[in-house]
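Peer 1: my questions concern the predicted model and sequence given below.
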Amino acid sequence: MILQTQGLSRRFGGLKAVDDVSFAVAEHTVQSIIGPNGAGKTTFFNLVTGALSPDAGRILFRGRDVTGFGPDRLAEMGLVRTFQRTSIFRDFTVAENVSLAIRSRERRNQSLFLSRADEERIDTEACAIVAEVGLAGSERTIANNLSHGAQRALDVAIGLAGHPRLILMDEPLAGMSQGDRASIATLIVRLREEMGLTVVLVEHDIGMVMRLSDRITVFHHGRVIAAGPPAEIREDAAVRSAYLRGSFAA
Amino acid sequence: MPLVVRRPVRPLHILGWVSVLVGALLPFALGSQPFVLQLASQAIVAATLALSLDLLTGNTGLLSFGHAGWYGLGGYIAGLGAKFVAPEMFLVLPLTMIVVAVVAWLTGLILVRQIGKTFAILTLALSQIFYSLIFVASAWTGGEDGLQGIPVPTLAGLSIAAPTAWYWLLYFVLIASLLLALYLRRTPLGQAWLAVKSNPERSLFVGIPVVRLKLIAYVLSATLAALAGGLFTLFNGAVSPDTMSWLESGNILMYVVLGGVGTLIGPVIGGAAFTFAAQYISSLTDAWLIYFGGLFVVIVIFAPDGLFGLASVFWRRLFGPSRGQVAR
């Protein structure tokens, strides 16, 4: 298992946002987390990526206890995330966005000097990553001028620059046009199949989740009420009553 | 495009170096007008001070309402050092910078974890603490009367008293600081600062140590302000508590906004222009601050990149696109 949580809990006042969640992700899989609004998915994401600290429980990443580690440290270890609202460096060019993340991986972000050769090597790698997410030709475009879907792809590219093992994507399809959704879905499949990554998704588009995921975990009121392959989740009575109300379009 | 691009010589570079040269030759033109030379020296200090604030605000987006605190603190430390230890600049100024860097580092550990209004208010509070310390230690600092009787300083043993010598010394410090700031902007550190300014949350998830980078900018900014304060005190022979008042902090912020936040060169122009304009316009009308207030409002609304941003727009129309001139 690349990522595991054991008895993870987090309260906000009287609300148990995440309540005793044990969760595991196998390497080279796409695993989705679904659940109604307020089920605790985003809080869980924030706990795992170090944006929030848990009140109880442990987080293990690649076998190591990383409970309480901050996002920068987790990123260095290979755990990166993308955001529900696309989060990029808007006034940097596309390639500069990715170069920045590469320099961060190489711990050069506090350097006062970078040789010409290093600059060119980093730029070349940045352009290769930009091409991998389907943005070839846009390297020198200011990120703010990209389409919504392309910005989301750039968000993924920034994550990839850190040479991650695991990428957590918070609603990658939210607010996307039909065409953009298809290209992001294709990218998610490629992350696993071509780049050998493990992907954890929080996503509301059930049809897409059913198609993309190897395994699905269902959250409700901060707890896990079901976990299994898509076919199993589709038939789960508790899931149907809590969340899906008996209807599966997919 | 690689981070640092060796561009061919362009009109802007020529203009920049010609301006630097003109500035250096100014004392020859002003030989018969010591008052203007004195004013020019003050303008250079204001420009250095504005640059120091832009190192913080322009690089990381942290807005300080108390920057004069560092200026005044530097002034008092240098003044006390010159008066009670030795008036040697190579001793007093490095000492001032080290002390202020340590104080900035210690306070910054708490302050830079805050953002937006909280940070701004805390900087104001800190500068007010420095301000009141002057009165607490009035036996040493002279309290409300200010620190007087600072001896004429020496530079490597040579007495620096001539106005032209002062002008060139202050000018050298300004240009050296500006070149350093422009160089830093192009380094990975400078780019990471801009990333923190652009999107602090994403920076953290990319693995950038956001707090540490903000702290570096904060300490650097305070130290340069203290150097400006130290130099001005030695130049002036006295320092008063007004140097660290909130009014002075407001002035510094105005230089930066007027010149163009984050452009580094803009605030330098803003500081110098504001000093000259304040002198000449105030002799024409008592209501000059009202006009300045109006100008400030107009600039914030219509030219958020300041005078430098406006000049860049015109420049690009004249000489074609040149991305990167208006620093992000």
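Peer 2: Ah, there it is. Residues are numbered from 1 along each chain as shown, chains lettered A, B, ... in the order given.
Peer 1: I'd like the average pLDDT over the host helix or strand of residue A:20.
Peer 2: Element membership for residue A:20 (DSSP states H and E) is strand A:15-25. Strand A:15-25 shows a mean pLDDT of 92 in the predicted model.
Peer 1: do the same with stretch A:64-78
Peer 2: 90.
Peer 1: list the buried residues in it.
Peer 2: Buried residues in stretch A:64-78, counting neighbours by 16 or more other Cβ atoms under 10 Å in any protein chain shown, are found at A:66, A:67, A:69, A:70, A:71, A:72, A:74, A:75, A:76, A:77, A:78. The C-beta positions use only the backbone N, C-alpha and C, and glycine is treated the same way.
Peer 1: ok, now stretch B:306-314?
Peer 2: Across stretch B:306-314, burial judged by 16+ other Cβ under 10 Å covers B:306, B:307, B:308, B:309, B:311, B:312.
Peer 1: including distance to residue B:275, could the residues you listed go into JSON lines?
Peer 2: What follows is the buried residues of stretch B:306-314, written out as JSON lines (distance: Cβ to Cβ, whole Å):
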{"residue": "B:306", "distance to residue B:275": "16"}
{"residue": "B:307", "distance to residue B:275": "14"}
{"residue": "B:308", "distance to residue B:275": "17"}
{"residue": "B:309", "distance to residue B:275": "21"}
{"residue": "B:311", "distance to residue B:275": "19"}
{"residue": "B:312", "distance to residue B:275": "23"}
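Peer 1: what's the closest of those to chain A?
Peer 2: Top of the list for closeness to chain A, among the buried residues of stretch B:306-314 and by Cβ to the nearest Cβ, is residue B:309 at 13.5 Å.
Peer 1: where does the stretch 151-300 of chain B dip in pLDDT?
Peer 2: The model of the stretch 151-300 of chain B has no residue with pLDDT under 70.
Peer 1: which parts of it are helices?
Peer 2: B:163-186, B:188-198, B:200-206, B:210-236, B:246-259, B:265-284, B:288-302 (DSSP state H, counting those that start in this stretch).
Peer 1: mind putting the ones you listed in a markdown table, distance to residue B:134 and mean neighbour count included?
Peer 2: Listed next are the helices of the stretch 151-300 of chain B as a markdown table, based on distance: least, Cβ to Cβ, whole Å; neighbours: other Cβ atoms under 10 Å in any protein chain shown:
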| stretch | distance to residue B:134 | mean neighbour count |
| --- | --- | --- |
| helix B:163-186 | 24 | 17 |
| helix B:188-198 | 32 | 24 |
| helix B:200-206 | 35 | 23 |
| helix B:210-236 | 13 | 25 |
| helix B:246-259 | 13 | 22 |
| helix B:265-284 | 24 | 20 |
| helix B:288-302 | 25 | 13 |
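Peer 1: just the buried residues of the least confident helix or strand in chain A by mean pLDDT, please?
Peer 2: Counting by mean pLDDT, DSSP states H and E, chain A has its least confident helix or strand at helix A:237-239, which shows a mean of 79. Residues residue A:239 are the ones in helix A:237-239 that count as buried (16+ other Cβ under 10 Å).
Peer 1: repeat for stretch A:209-220
Peer 2: Judged by neighbour count using 16+ other Cβ under 10 Å, the buried positions of stretch A:209-220 are A:209, A:210, A:212, A:213, A:214, A:215, A:216, A:217, A:218, A:219, A:220.
Peer 1: for chain B, which residues are neighbours of chain A?
Peer 2: B:1-4, B:184, B:187-189, B:191-192, B:194-195, B:198-199, B:201-202, B:204-210, B:212-213, B:216, B:328 (Cβ under 8 Å from any Cβ of the partner chain).
Peer 1: residue B:10 and chain A: what is the separation?
Peer 2: Applying Cβ to the nearest Cβ, to the nearest Å, the value for residue B:10 to chain A is 19 Å.
Peer 1: what do you get for residue B:281?
Peer 2: Here residue B:281 is placed at a distance of 35 Å from chain A (Cβ to the nearest Cβ).
Peer 1: check contacts around that residue.
Peer 2: Applying Cβ atoms under 8 Å, 6 or more residues apart in numbering or on different chains to residue B:281 gives the contacts B:288, B:291, B:292.
Peer 1: nearest to residue A:89, of these?
Peer 2: Residue A:89 has its nearest neighbour among those in residue B:292, at 34.8 Å by Cβ to Cβ.
Peer 1: residue contacts, the closest one?
Peer 2: Taking Cβ under 8 Å, 6+ apart, we find residue B:292 in contact with B:254, B:277, B:278, B:281.
Peer 1: in chain A, which spans are strands?
Peer 2: Assigned by DSSP state E, the strands in chain A fall at A:3-12, A:15-25, A:30-34, A:56-61, A:64-65, A:79-82, A:166-170, A:198-202, A:215-220, A:223-228.
Peer 1: return the most buried member of those.
Peer 2: Mean neighbour count (mean count of other Cβ atoms under 10 Å in any protein chain shown) peaks for strand A:79-82 among the strands of chain A, with a mean of 27.
Peer 1: let me see the domain layout of chain A.
Peer 2: Domain assignment for chain A by automatic domain parsing gives A:1-78+A:165-250, A:86-163.
Peer 1: can I get those domains in a markdown table including distance to chain B?
Peer 2: A markdown table is the format used below for the domains of chain A (distance: least, Cβ to the nearest Cβ, whole Å):
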| stretch | distance to chain B |
| --- | --- |
| domain A:1-78+A:165-250 | 4 |
| domain A:86-163 | 4 |
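Peer 1: can you redo those as CSV with distance to residue B:92?
Peer 2: Listed next are these as CSV, based on distance: least, Cβ to Cβ, whole Å:
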stretch, distance to residue B:92
domain A:1-78+A:165-250, 39
domain A:86-163, 27
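Peer 1: nearest to residue B:23, of these?
Peer 2: Nearest of the domains of chain A to residue B:23, taken as Cβ to Cβ: domain A:86-163 at 26.7 Å.
Peer 1: who touches residue A:223 in this structure?
Peer 2: Residue A:223 sits next to A:19, A:20, A:21, A:40 when contact means Cβ under 8 Å, 6+ apart.
Peer 1: mind listing what the nearest residue to the first one once chain neighbours are set aside touches?
Peer 2: This means residue A:19. Leaving aside its chain neighbours, residue A:19 sits nearest to residue A:222 (4.0 Å; criterion: Cβ to Cβ, 6 or more residues apart in numbering or on different chains). For residue A:222, the contacting residues are A:16, A:17, A:18, A:19, A:21, A:39, A:40, A:43, by Cβ under 8 Å, 6+ apart.
Peer 1: what stretches of chain A score poorly on pLDDT?
Peer 2: In chain A, residues with pLDDT under 70: A:243-250.
Peer 1: could you redo the last one with a cut-off of 50?
Peer 2: Counting by pLDDT under 50, chain A contains low-confidence ranges at A:246-250.
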